[in-house]
Structure formats: C-alpha cells, structure tokens
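>>> mind folding the following:
(chains A and B)
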Amino acid sequence: MNTRKYLLPAAVAGVLAMSLSACGGGGGGGTASSGGDAAANLDGRGPITYVQGKDNSNVVRPLVDKWNAAHPDQKVTFKEQSDQADQQHDDLVQHFQSKDANYDVVDVDVVWTAEFAAKGWLQPLSDKMSIDTSKMLPATVKTATYNNTLFAAPQTSDGGILFYRKDLVPTPPKTWDEMMSMCSIAKQNSIDCYAGQFAKYEGLTVNAAEAINTAGGTIVGDDGKSSVNSTSAKAGLNNLVTAYKNGNIPTQGVTYQEEQGRQSFEDGKLLFLRNWPYVYNLAKTDGSSKVKDTFGMAPLPGKSGPGASSLGGHNLAVSVYSQHKATAKDFLTFMTSEETEKFYATQGSLAPVLSSLYDDPALVTQLPYLPVLKTSISNAVPRPVTPFYPAVTKAIQDNAYAAIKGDKSVDQALKDMDTAINSASQ
Amino acid sequence: MSTLAQPKRAPETPSPKTKKVQKEVGQDRAATSQGRWAFWLISPALVLLAVVIVYPVVNAIIMAFQKDQGLDPATKLFVQGGPAGFDNFVHWLAQQCGPAACAPGTLGSQFWSAVGTTFFFTVVTVVLETVLGFWMAVIMARTFRGRSALRAAVLVPWAIPTAVTAKLWFFIFAFDGIANKLFGTAILWTGSEWPARWAIIISDVWKTTPFMALLILAGLQIIPAEVYEAAKVDGASAWQRFTQITLPLVKPALMVAVLFRVLDALRMYDLPAIMTQGSNNTTTLSILVVEQIRQGFNSAAALSTITFLIIFLVAFIFVRFLGANAVASATPKTKGQEK
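Numbers count the residues shown, from 1 in each chain, chains lettered A, B, ... in the order given. The predicted model follows:
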C-alpha cells in the first residue's frame, strides 16, 4: 500500500518529466554521422523532390511547373516546409540523419551550409557536379564554400541597408562617425537617432558582425579559430557600445528586432535605421507609414567608405543521398539561371546573386534599392562560415549584448567571445 | 515513507475511505480472476507505453554517455565522438568546457544560473497562483447569478495556447506597449533583468491561475455544507472555519494542483523563449536543453537527463513530505483535467 502510494505520484512526475527528457534525445538518433557516398548516382536521372521553407510570395510553384512542363520524365515535386527557420533546419537535419533519399535538392540558409557540409550531407559541387559561379557576387559564393569546396549554389542574397530621413538629412552619412555627428539633428527634432537589431537573437549577431567587420576586424579566421580578440574588432564593437551609452541608439534599442525598428522608422520616430531591403516596400505602401515620400536608402556607413554588411540569403544544395544527382544538378542550374533570378527579384523581392542583374535598367526601375543593395552586397562579409555556427552565434550574441548594455567592458566581452568560440569549435 | 503516511487523517478525507472499500472488494476471489483478466486487457497499453516512453528515455540516457561529434582536422568532416563516460554530466554540473571553466557565451556557463532561474520562477509563480487561485475558487464556490458564465470566462486564459499568451504579453510589455503607456513608465520590460523576470511571472500567473482555481474549486465542492453549519452552530469564526475545515478538507485537491503546477513550471519554456529569448537571466533549463540540441545531441541528452532527475527529485520530495496520501487518492479525480 505504501509503496503504491509513492509509486503512483512518482510515475506521474516521471512521465511528465520524461516527456522533456525524451525531447532532448528524440531528435537525436546517435547513429548518424558519416555522410553518404558522394561518388554514387552522379548520372542518375528521374523524378526529384525540392525542399524549401514556405513559399510566401508564390514564386517557387510557377518555376517548378515550368520545369515539369519541359522535363516530363524528370518531374520535380515541391515540398514546402514551415516558415520558421529553426523548424526548417530541424526538418532537414532529421531527414539527412535518416539518410532520406527523397530530399534531393534542398534550400539551406547561408549560415547552415558549413554545418551540413561538414556532416557529409551535401554533395560537393565539383567535377561532374560543378556549376558556373563566375558571374555571381563573390561574397555569396563564399557562403556556399566550406573547406575550399563548393557545396551549394547561391540562390538568393540579402544585405543590410541604411534607411534614412531624406527630409532631415539631405545627404546620407558615408561613415559611422559622420552618422553619429548627425545625431544632433535627431535631437533637435526630438526623435531617436539610430537603430538596428540589438535584441539578443540572430539579428544581434548580424549587427555585431557588421560593426566588427566594418572596423576591419574578423570573427573567425580561415583556420576556423576565433580571431575576434583584436584591436580593430574592439574599435568596431566599441562604436555600438558608445552609441548606446550616449543615447544615439535609444534605450529601447536593446529590445529591437527587425520589426520594432521598422515600425519606429515608419512612425517617423527614427532618423537612421539599419535593416534589410524588405522595409522598402512596406515603408512605401503601408497605410500607417508617415515617411512614405521622405525616406532614402544608402549603403551602411563604414570607416571611410561603405561598411561591411553581413550577408543573408539562401543556397541550394544537392543531398548526398539523392539517387538522381544529374537531374538535381540540372535543376540547380535552372533555379539559379538569370531568368529565374529575375523572376525571383520581380515577383518575390528576393535579391539576386548574379551581379549583372543589379545594373539591369528595367529591374532597377521596379526595385530602386538595387544599386544600393549591390554596394552593400559587394562589400559584404559572410557571417562566420563554420560547422559550429549555433555555438558561435550564441557566443557573439551573449557577449555583444552584455557589452552594449554596459554589463561588461568591450575588452572583457571580446575576450569571452574569443574563448567561447574556440571552446565551441573543438 | 511508511511512517509518515500511516497516521493520516483518514476519517476527514472522503477519498481514502472509498479506497479502503475497494480494497476489501479486491480480496474477493472473483475479483482475483478479474484481476488476471484486467492484466491481459491492459497489456497492449503497457507495451505501447514501453515503446513510446521507456524507449526514448533509455535512448536519451544512453546518448548522454556518448561524446558529441567532433571535427576531423584532416577532412574537416564530423566524426563520431565515441563513449564519453560521465564527461557530459561533469560538463554541465561543473561548468567545465575542456580543461577550463566555460566562458560566458557558452551554454555550459549557464547551467547553474538556469537552475536558479527555473527554481525562482517555479517558487514565485506557484505561490502566487496558489494564493490567487484559492481566492478565486472561494469566490466561485459561492452561489450567485451568472456563476457558470464566470466559471467559463475564467478559463479563457488557460484555453489560449501558451505560445500565443507569450506573444500577447510580449506586445503588452514592449517598450511602446500597453503596460508602459498605462503606467506612464519607460521600463525596458523585456530588456532588463528584474522587469523581464516579473513580466514572465505576470504572464504565467495570468495564464495558469484559472487552472489552479478550478482544481481547488473542485475540492471545495465536495465539502458538505452541513460541516460548515455545524461549525457555525458551535461558534467557529470565519477564520477558524477556513483553517479548521476548508484547508484540511481541500488539501488533497490543493496538493494535486500544486504538484502539477510545480512540475509544469520546472519545465517552463514558451514564455521566456518568446518574451525575452532567454536574455537577461531568464534562461530556464528547458530553453538551455533546446539550445543545446542545436549544438550537439549527446550533451543535450545529458542535460535533459539532469533536468529529469531534478524534476523527479522535486516531485519525490513534494510527495514524500507534503502529501503522499493526497496525491494517491486524488489523482484519478484530476486526470480528466490534466492537459
């Protein structure tokens, strides 16, 4: 009777707790490791599946239909994932771990490419599988390259842009110091001066990396070891820290993700905003936007010229487990062709990776930010290309956040960041 | 275990009594053969439970003793880590990353602060929810017009998915949000430590107090009105009636409610994950587990095993010292309500 008395509640507690425990292990499958055979099925042709996140602007379906019409014996099935990046990542990991041959061509965020490549899940795009990257913007190719091998085809890109109030600042600042000196204008108009994405999440990694790269520092060297504890990196991070301390970045800036900054800017409460090109359309068309006709766009301010933007965007990769790699490669080429890129840009506002498209007059009329974006992307530095990206971004976020809030000196923050990145990359 | 459970106040609580009756019936021979039947009938369910619960848990524990994959310096490809002994557990408990202490910015450096945060949230939210829930239950137990409408309305916060609740309060506590506008303050609710913690506590209390209230209400309603009348006749004050009658009689239901909330709060994930992304010292153990899953499965398995042991220990202590008989007798009653 007594044992039963304690067994029952213990079992209840156990079941509740174990559901968490099971979560920790569930995704696991401790067996997966070495990838498939990169030399197999290179000539395989037949139906394939293309996997990517939610097709919000309905650009993938028409392309897949077009391909299918032209290749009736090598049809592509489009598998749509959720629109949450984390879920897309986890879905890909699970399928790769189970060596699923049904995921032939996958869409990977630029920061996942190195991890998947190092796990042996992505088909190296060399020899028979090689594609032409000579016309692509170099920084985008770098995001798809790991260990000197190309593992994916750059498909879309994205770069940071400085949105500013044309009515208050006729010529946009070229350098960070110039921008900071213009903050007096914001003060006169009693609005906030500058905001980016400084809440503790991936956006902060992007912004901190931009500050560090712009000042000439680097986060991870070519050997994969941290290189962040340097004088120039200090100068870069210090720019953000000082700006937050003296109010040029508003107090609430440490809670801003993309949307909060955009709303503040559209409300006319912000002089300078660092954000992605998507803001252009919304700031122009939103009914509530007070800056419709009064905002301009410029490259991110740098040390003496344009600053170094972090790079967003997606790459296309072929699964090493695919049985129809020849078809997959052709589809890859089709999905990164000039025609497709143009379609993506006009229909989905997705930034092309082909440098020529940025100078296409017809496109520029439609998407006036393209020249600015080109400057941004050609000066861009990819975020650390490392298979330990989740740990590296965490090390950057935590320490940059502490430094900006003043909980930690810049020196200490970079020292901790350095140790944390290196201990994660062991 | 047994010593404490023996001198129970059995005559007061109605449920242990029914239990005894069942026991006597159980001695019947017919019932023995029935029991055998019952075993065969439930065995498929047992097998299913073994597959869906025991297997993943055992698998997680095995994984916890494996090293995470490491990079082969020659090929720059990941290779299997091999057996790790207790390394993964030492990594968390001693906050050791390799030979040195984990640097700030690694997950390893956050283990004990996450334990502290988790317990802080648990203690504060459960205490608040119990007190407020009790108060709400006492009000709802009275007879008045529109009582059933109120009971249904009270459930609304509990019915909303936690992730939605979290997003809701995230907007309320935004810098330009309702909270700051209402009080004319300029507090960085989600951007500084104590406001962030209180924001999360407030959201949790808002969400789960109704659950608490309804469980307690169920307990209140099985107390016969005659008991109160008798006490009144004997001249007991309202306070005496509360402490001498209501509290002891509602204890079984109360303990179940508190136990469920404690276990739930120890696993808290959605609210801090959505409202603060775990920044400003609001990282709970569950957030840590999920972040670790993205960095390495085997260390995550070790961490979730530790978390499991912590929760188990808390549940054990709770049941052992606070209400062993209460839970055993009252659990079947609450099963339908547990979500």
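>>> hang on, isn't B:Thr162 packed against B:Thr208?
No - applying CB atoms under 8 Å as the test, B:Thr162 and B:Thr208 come out as separate, 9.2 Å apart. Just so you know, the C-beta spots here come from the backbone N, C-alpha and C atoms, and that holds for glycine as well.
>>> between those two, point out the one with more neighbours.
For B:Thr162 versus B:Thr208, neighbours defined as other CB atoms under 10 Å in any protein chain shown are more numerous around B:Thr208 (25 against 19).
>>> element containing the closest residue to that one other than its chain neighbours, please.
Counting by CB to CB, 6 or more residues apart in numbering or on different chains, B:Glu129 is the residue found nearest to B:Thr208 once chain neighbours are left out, at 5.5 Å. Using DSSP states H and E, B:Glu129 sits in helix B:111-141.
>>> list the buried ones in that helix?
When burial is assessed from 16 or more other CB atoms under 10 Å in any protein chain shown, helix B:111-141 yields the following buried residues: B:111, B:114-115, B:117-119, B:121-122, B:124-126, B:128-130, B:132-134, B:136-138, B:140-141.
>>> sec struct for A:Gly268, please.
Assigned by DSSP: H, G, I helix; E, B strand; the rest coil, the conformation of A:Gly268 is coil.
>>> and it, what is it in contact with?
A:Gly268 makes contact with A:165, A:191, A:290-291, according to CB atoms under 8 Å, 6 or more residues apart in numbering or on different chains.
>>> how about a cut-off of 7 Å?
Residues in contact with A:Gly268 (CB atoms under 7 Å, 6 or more residues apart in numbering or on different chains) are A:191, A:290-291.
>>> can you pick the most crowded of those residues?
A:Val291 (22 neighbours).
>>> correct me if wrong: it contacts A:Glu266.
Yes - between A:Val291 and A:Glu266 there is a contact at 6.0 Å, judged by CB atoms under 7 Å.
>>> now for those two: what residues contact both?
With CB under 7 Å, 6+ apart, A:Val291 and A:Glu266 have common neighbours A:Ala283.
>>> quick one: contacts for the closest residue to chain B within the stretch 201-350 of chain A?
Here the stretch 201-350 of chain A gets closest to chain B at one residue, A:Gln252, 3.6 Å apart by CB to the nearest CB. By CB under 7 Å, 6+ apart, the residues touching A:Gln252 are B:175, B:188, B:191.
>>> tell me the secondary structure for it?
Under three-state DSSP, A:Gln252 falls in the helix class.
>>> that's a helix at A:Leu162, yeah?
No - counting by three-state DSSP, A:Leu162 is not part of a helix but strand.
>>> show the pLDDT at it.
pLDDT for A:Leu162: 97.
>>> residues of stretch A:337-354 that come out buried?
A:340-345, A:349-354.
>>> what does stretch B:157-173 give?
B:157-158, B:162, B:165-166, B:168-170, B:172-173.
>>> now A:Ile48: phi and psi?
phi -130, psi 170 (degrees, to the nearest 10).
>>> can you check A:Val106 too?
Dihedral angles (degrees, to the nearest 10) for A:Val106: phi -120, psi 150.
>>> what's the closest non-adjacent residue to it?
Nearest residue to A:Val106 in three dimensions, chain neighbours excluded: A:Val51, at 4.7 Å (CB to CB, 6+ apart).
>>> which residues of the stretch 301-426 of chain A score low on pLDDT?
A:426 (pLDDT under 70).
>>> what segments of it are helices?
Secondary structure of the stretch 301-426 of chain A (DSSP state H, counting those that start in this stretch): helices located at A:325-335, A:338-348, A:361-366, A:370-378, A:389-404, A:410-424.
>>> which elements pack onto the first one?
Put plainly, it is helix A:325-335. strand A:48-52, helix A:60-70, strand A:105-109, strand A:311-318 (3 or more CB pairs under 7 Å, 6 or more residues apart in numbering or on different chains; DSSP states H and E).
>>> and for the shortest one?
For helix A:361-366, the contact count by 3+ CB pairs under 7 Å, 6+ apart identifies helix A:338-348, helix A:370-378 as packing neighbours.
>>> save those as TSV, and put in distance to chain B too.
Putting the helices and strands packed on helix A:361-366 into TSV (distance: least, CB to the nearest CB, whole Å) gives the following:
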stretch	distance to chain B
helix A:338-348	26
helix A:370-378	26
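>>> between those, which gets nearest to B:Gly235?
Smallest distance to B:Gly235 across the helices and strands packed on helix A:361-366 (CB to CB): 79.2 Å, for helix A:338-348.
>>> could you check which residue of the stretch 1-150 of chain B lies nearest chain A?
B:Ala60 (2.7 Å).
>>> SS state for that residue?
helix.
>>> that one and B:Ser304 touch, don't they?
Yes - at 6.2 Å, B:Ala60 counts as touching B:Ser304 under the criterion of CB under 7 Å.
>>> between those two, which one's more packed in?
Taking other CB under 10 Å, B:Ala60 and B:Ser304 do not tie; B:Ser304 has more neighbours (31 against 27).
>>> about what we covered before: any idea of the pLDDT on the residue of the stretch 1-150 of chain B closest to chain A?
B:Ala60 is given a pLDDT of 91.
>>> excluding chain neighbours, give the residue nearest to B:Phe211 in space.
B:Trp158 (4.9 Å).
>>> list the contacts of that neighbour.
Applying CB under 7 Å, 6+ apart, the residues contacting B:Trp158 are B:207-208, B:210-211.
>>> please identify which helix or strand holds it.
helix B:156-159.
>>> kindly provide the distance from the residue of chain B most remote from its centre to A:Leu357.
Using CA atoms, centre = their mean, the residue of chain B lying farthest from its centre is B:Ala74. It sits 47.4 Å away. B:Ala74 sits 40 Å away from A:Leu357, going by CB to CB, to the nearest Å.
>>> again with A:Val372
In terms of CB to CB, A:Val372 sits 14 Å off from A:Leu357.
>>> which of these two has more neighbours?
Comparing A:Val372 with A:Leu357 by other CB under 10 Å, the one with more neighbours is A:Val372, at 23 against 20.
>>> show me the contacts for that one.
A:Val372 neighbours (CB under 7 Å, 6+ apart): A:161, A:297-299.
>>> next one: A:Val353
A:136-137, A:140, A:154-157, A:341.
>>> same thing with A:Gly313?
Per CB under 7 Å, 6+ apart, neighbours of A:Gly313: A:110, A:140, A:154, A:156-158, A:351.
>>> and A:Thr255, what's its pLDDT?
pLDDT at A:Thr255 comes out at 91.
>>> tell me where the stretch 151-300 of chain A has helices.
Using DSSP H, counting those that start in this stretch, helices in the stretch 151-300 of chain A cover A:176-181, A:183-188, A:202-214, A:231-245, A:258-266, A:278-285.
>>> can you redo these as CSV with mean neighbour count and mean pLDDT?
CSV is the format used below for these (neighbours: other CB atoms under 10 Å in any protein chain shown; pLDDT from 0 to 100):
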stretch, mean neighbour count, mean pLDDT
helix A:176-181, 17, 96
helix A:183-188, 15, 96
helix A:202-214, 25, 96
helix A:231-245, 20, 97
helix A:258-266, 21, 94
helix A:278-285, 16, 90
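>>> tabulate the ones you listed (JSON lines), appending distance to chain B.
Shown next, in JSON lines, are the helices of the stretch 151-300 of chain A (distance: least, CB to the nearest CB, whole Å):
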{"stretch": "helix A:176-181", "distance to chain B": "22"}
{"stretch": "helix A:183-188", "distance to chain B": "17"}
{"stretch": "helix A:202-214", "distance to chain B": "9"}
{"stretch": "helix A:231-245", "distance to chain B": "11"}
{"stretch": "helix A:258-266", "distance to chain B": "7"}
{"stretch": "helix A:278-285", "distance to chain B": "18"}
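>>> out of those, which gets nearest to A:Tyr401?
helix A:202-214 (6.1 Å).
>>> contacting residues for residue 265?
Using chain A. Each residue near A:Phe265 by CB under 7 Å, 6+ apart is listed here: A:163, A:273, A:283, A:291.
>>> um, chain B though
B:121-122, B:125-126.
>>> give the bridge partners for the most centrally placed residue in chain A, please.
Geometric centre of chain A, nearest residue: A:Gly312, 3.4 Å, by CA atoms, centre = their mean. Judged by DSSP bridges, the bridge partners of A:Gly312 are A:Asp158.
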